[in-house]
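1. Make a model of this:
(3 chains)
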Amino acid sequence: MSQPGDATTGQTVPAKANCVVIGAGIVGNCLVAHLSRLGWTDIVQIDKGPLPNPGGSTGHASNFIFPTDHNKEMAFLTLESQRQYIEHGLNNTSGGIEVARKPERLEEFNRRMTSAKAWGIEAELLTPAEIKKHVPFINEDILLGGFYTPSVSCVDSLETGTQMRNEAVERGALQVFANTEVLDVETEDGPGGPRVTAVVTNKGRIEAKHVAIACGVWSPRIAKMAGATIPLTPAVHQMADVGPIDILQQSGKEVAYPIVRDMDTFCYERQTAGSMEVGSYAHRPIFMHPDDIPSNEESALSPTELPFTADDFDQQFEEAIDLMDMLGEAEIRYAINGLLSLTPDANPVLGETVEVRNLWSAAAVWIKEGPGIAQIVAEWMTYGYPHLCDPHTTDISRFYPHEKTEHHILARCAEHFNKTYGIVHPREQWASQRGMRRSPFYAREEALGAVFFDARGWERPQWFESNAKLMEKFPEACKPREHEWDARWWSPITNAEHLQMRESVGMVDLTAFNEFDITGPGAMNYLQYMCVNNVDVPVGRSVYTPLLTPHGGFRGDLTIQRLATDHFRIITGAFDGGRDNYWFRKYMPIDGSVTFTDRSQGICTIGVWGPNAEKTMAKIVTDQSKPYDVSQAGFPYGAVREVLIDGVPCTMFRISYVGENGWEIYTNMEHGLRVWDSIAEAGKEFDIIPVGIGVYAVTGRIEKGYRLMGAELESEYNPVEAGLARPKVKSADFMGRDAYMKARDEEPAAIMCTLSMDSQRCAAGYDRFPTGGNEPILTLDNERIIDAKGRVSRVTTAGAGPSVGKYLLLAYLPPEHAVEGTKLQVMYMNECYPVTVERAGAKPLFDPDDSRMKS
Amino acid sequence: MRILVCVKRVPAPGARINITPDGQAIDTAYLGFTMSPHEECAVEEAVQLVERHGGEATVLTLGPAEADEQLRYAASLGVAKAVLLPIDGPDWDPQRTASAITAAIGGLESADGPFDLILFGNESADSGGFQVGIRVAHALGRPVVNGIKGIDVDGDTLRARREADAGVEVYEVPMPAVLGVKEGINLPRYPTLKGRLASKKVDVAQVTPEAAEGGQRMITLLPAAEQVSATVILGNGPDAAAAVVDMLEEIGVLK
Amino acid sequence: MILVVVEHDRGTMSPATWEALAAARELGETHALTIGEAADGLVEQIGVFGATTVHQVHGDVFGDYGPEAWGAVVAEAVDALHPDIVVATGTDRGNEVMAHAAARLDLPMVANVIEFADGELIRVRWGGSLLERCSLDAPVRLITVAHHAFAATESPQTATAVPLNVEIDPALGRTVVRDRVERAAGVTLATAPVVVSGGRGVGSADGFAPLLELASELGGVVGCSRAVTNLGWRNHTDQVGQTGTRIAPDIYIACGISGAIQHWVGAMASKKILAINTDPEANMVTKADYAVIGDLHQVVPAITAEVRRRRG
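-> Sure thing, here's the model as predicted:
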């Protein structure tokens, strides 16, 4: 009796399929199962290698899951994946201990305890003696402590994948062809851009409506055939199996002892029956081009089990012996330079490729998150966006063109590879590939002592050292932070800039904005469909609106200016520009009635805000030669006007993300420097200062409670919960309308709130400052707060509110807690601090009626 | 006992060997390297003999600078000393190789005394010349037997066993001697972590090899003839048993 | 004149020698050299394969095989008889003896030739997975011919036996076979008509039980891949491969063996090959005559059961 999923020699592939999935590793196998569960049929899965192990990264993976992650999406996907492995009976709980050799690591463990608490993962800090109880053969003398997670497990990814694949076959939804190599991916051009049409293999051509690339290290190669880019590089991760080891053999089990992650040496030790597998992320980055990966035949073991370069592992062997003396006498029985996939920001790349319609990427995925990721890709393909969780971190459309070059991929991967077990600060800045995108004001900013942070390649001033003297003016607000972690990648100057701006006037470089022009006779109707709020505003007006997914969660949050009847300009931030660019182009009508033009590279932006902004701009804004009336009466909030500033054509937009009177001022790149200088000159009499993103994105915004896409706004939440639902809903249809209307009819399960810390005093006797990295909000009984939809309350943004004199947090709370005055706690670095709910909903804490902006 | 083992760095291929476009070498882009399988066993045998009888083992290779990897591997198993005879470019022919090794052995023996036993692999995995060890032994005036699958030390004599169709042949070879060893003489150990780390500290002595070219010259490598007939699939899974037995009957194997 | 060194074990000529004689005939008039009195009775057999003269060397030291002694004889024979080419068998002994002769004569020697090509030679590398075209520049060319490369065609002659007197150093007796442990009667891996072999796919030492049963049922023996011997599941004596045993059975049944090149060269002389594997593109499968795609743990017992059923 042949097994389901058998593929026999010489069989040709079908001429047509609904969907071709390329790859039979953990992702491809789970993807076909999830597609079939969602009702997909006529799926063909191909892999150039044999089954059950085609020779990709899955075949030699270490197969263990440490669920705690500081990133919500990755933690969620890992927990969901672990659940799916458990469902298949292929999850073997062993427990896992991260051990610290250095003091900084103990601090990081506090952070991990906090994230574990946030996600409901049982975890415990251990002393060296306690570690020894779990792992008797460890040398606890060199350790300072441990972070123990009892739920850490080892899985059988090969068998899970096989079962998943068989599930789809048994459902009659899938045919599988092993030993079938992709030679080409055909596309057809059309008004909506290229669309995938067929996969050509060495066993025939398959016409296909959808193609999913789930082939790990080979993914860029396959994508390239279709004219798309999947930005990853194959990279070596060394591992060695050493044994036999008596105590492990005597255990009689595959994994009897907790897996040890030796965090400060970037290595792990995992029992495999009588041997110990030692793996390393400490060696020099070793990359391979996808085209250079050997075939199954050419490989002594497999294409992703490459010959071991022993020299690169010697230090790791030494350190492993230091940790576990018994390894010294163990034999090196198997050692490889294993291949896995790395992306520039170390996160998977999922979703429809931006270049080719119906060509899907499910690449750069680890075993620990494989099944969950396969599920969201399947949902994405089915519903237009995943339901399970928001793939904001993993969305392939996040990358800008310069981030998809081999140059960039290799440089960033070389930088982050050795940080796989590293301590990475949430605000940590990249060292490589800096200076890729600079605004026209860069030289001015540099001269003003700008400390630049990288925003998707843009060098943006986070604060200006030239403003340091302002700290003497506002000493109370500018106290230094005592703990080095809180003070890292931060300056008290930000608070001084904030107060000075609110007192007089400041100017902010916002060139990193993306501007998309939507033009044509169909433009208004098109945007009306894409946006929640009414876009049919008069020319010269604007709309601030969410965009929803088909199931009513946030997909975008942006402003749109109506520049002419058939000309709209979308303004969206640096981090979501790529995703929004893709989203708008994807849903555009293809009958020629709408044109999309990305104007971002040609436009620069300056924000000017403060009580003296009007007076400053009044000096230089003209309508030809006549002074322009920039008063609230003459130029109301939300208006968009073409003006001249010092003779330069500019677009001024009265709006503010920092809650002050003022404008976003747009002009062509070539004019930018002149406009900057004009404003700086005009503002001198008002002591105008340059203001950094520390104010724009954190302090200014948080005092007003302004939500940020990717932080407060995600597809798991709807506008009602986020406090962004307007009193009325336009009658026109829009994406996500039905779900939105339903949400409006219901009681929200969560409400976005602003909280303040009543005390920041830690046990050691100084103040701490949460970074806004998913710190859980807890009841006074130290319990997690979970809403009716199962979402946990956690801090989405944290920052100082210098004008209100408090340290502020934004978090969703279920209705019973979302009451002003409610007392709760926030956990930060494993300590709890009292907090109070200041605002439930969108009403700002600072200047609640927006008088500073609008009157 | 003072034992010398001579090894050769060879690629470790998978199921297919690619020849470079100029036909002069194997494409080793994807390949790791090792010493020939017979030689791995020779190294293990040397280490075991030293463990049993005391003394010291030395490993020697004529090869590229990268052959340091093979010398250190031998060191990680317990070989105490290592000698590299570095060459550039393509392999040397067997006469030239033997000549250079003989000269190097002369130098080593003048310095530290004679080797009781010199071990070679029966033949190298790649070029398979079957002669270097024998040439070296003859040049040194020492007895040599190939194909050895068992060695016992009995005073000044080595009792060496060899498998033939008819049974096991036993040779008694007086030391100092040379033996060509075959895989199967032992099951080589893997290096321990400590062994690996210790091997990094071994000083690899370098001796410049000098020898005239011999009379055998490689002109080009060629792929082996490919089987062209298609495989007949008798079936899938246990259901194919009937077809298999039909075939066995047909070819006359079932009596 | 082409001089063929006859390989024999105490008077029994090896089949490889027939091939060597046939190969030598391609090159020219063929003589043969026998060492030891035990080989005197082989003259007629040698003639069947086309040698016209058999040079016989006698001596006490030649009572049994001794590589140095035999190599010295060949060197002396070259000096005495001035052949153009000396051909030996590409076997353990043949390669060894020729290497000894070459060392004594300080001449090059080319092992395992499979073809003569316009004055150049095609020889075997990697046990047969690769070939090499080489030139041999020497006044007397010393070669061995790869076993199974030349057909052992007959060309009956009446061969004349001629004694050949050679002087060799009696000390070379030091490497004559001193003792023997005779093999128990029965088939060996090298001579079995049926070999049932297992690779890593068998899973464990115990996993070989079904293969042993099938082999026994078919009157054959069990073999294995190098991976299996390295894992300690079976003895090296069972290993089929470049550094193990080269087999030439009527049928080779390879179970769960992917077919790395060093294994293939040990098996490729089999008359027929049946591969049992889950991977239809495994090297072993694509090179085999027959294949069953499936799990050996199910397929092998099924074959054994069917064989028994038909035997009744």
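2. Next, the residue lying closest to residue A:786 once chain neighbours are set aside: phi, psi?
-> Nearest-residue entry for residue A:786: residue A:792, 5.3 Å, with adjacent residues in sequence omitted and distances by C-beta to C-beta, 6 or more residues apart in numbering or on different chains. (Glycine included, C-beta is placed from N, CA and C.) In this entry, residue A:792 is assigned phi and psi values of phi -90, psi 140 (degrees, to the nearest 10).
3. I'd say residue A:792 and residue A:117 touch.
-> No. Residue A:792 is not in contact with residue A:117 according to C-beta atoms under 8 Å; the separation is 9.5 Å.
4. Tell me the spacing between the closest residue to residue B:207 other than its chain neighbours and chain C.
-> For residue B:207, ignoring the flanking residues on the chain, the nearest one in space by C-beta to C-beta, 6+ apart is residue B:104 at 4.8 Å. Counting by C-beta to the nearest C-beta, to the nearest Å, the separation of residue B:104 from chain C is 17 Å.
5. Would you mind listing the buried residues in the helix or strand encompassing residue B:104?
-> Assigning secondary structure by DSSP states H and E places residue B:104 in helix B:94-112. Residues B:94-105, B:108 are the ones in helix B:94-112 that count as buried (16 or more other C-beta atoms under 10 Å in any protein chain shown).
6. Show me which of the residues you listed is closest to chain C.
-> Of all the buried residues of helix B:94-112, chain C sits closest to residue B:95, with 5.7 Å by C-beta to the nearest C-beta.
7. For residue C:286, give me its contacts.
-> When contacts are counted by C-beta atoms under 8 Å, 6 or more residues apart in numbering or on different chains, residue C:286 touches residue B:231.
8. Check for me that it belongs to a helix.
-> Yes. Residue C:286: assigned to a helix according to DSSP: H, G, I helix; E, B strand; the rest coil.
9. re the thing from before, so what's the residue nearest to residue A:786 up against?
-> Taking C-beta under 8 Å, 6+ apart, one finds A:118-120, A:776, A:784-786 in contact with residue A:792.
10. quick revisit: what's the helix holding residue B:104 in contact with?
-> By C-beta under 8 Å, 6+ apart, the list of residues contacting helix B:94-112 reads B:2, B:4, B:6, B:58, B:60, B:62, B:83, B:85, B:91-92, B:115, B:118, B:127, B:129, B:131-132, B:135-136, B:139-140, B:207, B:209-216, C:103, C:106, C:108-109.
11. Please list only the buried members of those.
-> B:2, B:4, B:6, B:58, B:60, B:62, B:83, B:85, B:91-92, B:115, B:118, B:127, B:129, B:131-132, B:135-136, B:139-140, B:207, B:209, B:211, B:214-216, C:103, C:108-109.
12. Just the ones of these in helices?
-> If you go by DSSP state H, those have B:132, B:135-136, B:139-140, C:103 in helices.
13. any chance of those residues in CSV, plus distance to chain A and pLDDT?
-> As requested, these are arranged in CSV below (distance: C-beta to the nearest C-beta, whole Å; pLDDT from 0 to 100):
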residue, distance to chain A, pLDDT
B:132, 25, 98
B:135, 31, 98
B:136, 29, 98
B:139, 34, 97
B:140, 33, 97
C:103, 35, 98
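14. Which two of these have the greatest separation?
-> Farthest pair in these (C-beta to C-beta) is B:132 and B:140. Separation: 12.6 Å.
15. How about the residues of chain C by chain A?
-> Proximity of chain C to chain A, by C-beta under 8 Å from any C-beta of the partner chain, involves residues C:260, C:278-283, C:285, C:291, C:293-295.
16. Equivalent analysis for the stretch 151-255 of chain B, please.
-> Within the stretch 151-255 of chain B, the positions near chain A by C-beta under 8 Å from any C-beta are B:189-194, B:196-197, B:200, B:231, B:233, B:236-239.
17. Residue ranges in chain A under the pLDDT threshold?
-> Along chain A, segments meeting pLDDT under 70 span A:1-10.
18. 80 instead?
-> Scanning chain A for pLDDT under 80 picks out the ranges A:1-11, A:855.
19. now the strands for the stretch 401-550 of chain A?
-> A:450-455, A:458-464, A:506-509, A:514-519, A:542-548 (DSSP state E, counting those that start in this stretch).
20. Tell me which of those strands sits most buried.
-> Using mean count of other C-beta atoms under 10 Å in any protein chain shown, the stretch among those with the largest mean neighbour count is strand A:506-509, at a mean of 28.
21. where along chain B do the strands fall?
-> Using DSSP state E, the strands of chain B run over residues B:2-7, B:9-12, B:32-35, B:56-63, B:81-86, B:117-121, B:144-154, B:157-164, B:167-174, B:177-181, B:204-206, B:216-223, B:232-236.
22. Mutual contacts of residue A:792 and residue A:117, please.
-> A:776, A:784.
23. now for the residues of the stretch 151-255 of chain B next to chain A, which pair is the farthest apart?
-> Pairwise distances across those peak at 55.7 Å for B:200 and B:239 (criterion: C-beta to C-beta).
24. which residue packs closest to residue A:134, ignoring adjacent ones?
-> Of all residues not flanking residue A:134 in the chain, residue A:258 sits nearest, at 5.2 Å (C-beta to C-beta, 6+ apart).
25. how near is that neighbour to residue A:95?
-> 4 Å (C-beta to C-beta, to the nearest Å).
26. Compare neighbour counts for the two and give me the winner.
-> residue A:258 (23 against 16; other C-beta atoms under 10 Å in any protein chain shown).
27. coming back round to it: quick check: the residue nearest to residue A:134 touching residue A:99?
-> No. Using C-beta under 8 Å, residue A:258 is not in contact with residue A:99, being 10.2 Å away.
28. any common contacting residues for the two?
-> Counting by C-beta under 8 Å, 6+ apart, nothing touches both residue A:258 and residue A:99.
29. Scan chain C for its longest strand.
-> Ranked by residue count, the top strand of chain C under DSSP E comes out as strand C:109-117.
30. Can you mark which positions in that one are buried?
-> C:109-116.
31. Residue A:117 - how many residues pack around it?
-> If we define neighbours as other C-beta under 10 Å, then residue A:117 has 24 of them.
32. Residue C:164 too?
-> Applying other C-beta under 10 Å, we find 17 residues neighbouring residue C:164.
33. That one against residue C:80, yeah?
-> Yes. Assessed by C-beta under 8 Å, residue C:164 is found in contact with residue C:80 at 6.5 Å.
34. How about the contacts made by whatever residue of the stretch 1-150 of chain B ends up closest to chain A?
-> Of the stretch 1-150 of chain B, the residue with the smallest distance to chain A, taken as C-beta to the nearest C-beta, is residue B:32 at 2.5 Å. Counting by C-beta under 8 Å, 6+ apart, residue B:32 makes contact with A:300, A:306-308, B:11-12.
35. Can you tell me how far residue C:93 is from chain A?
-> 32 Å.
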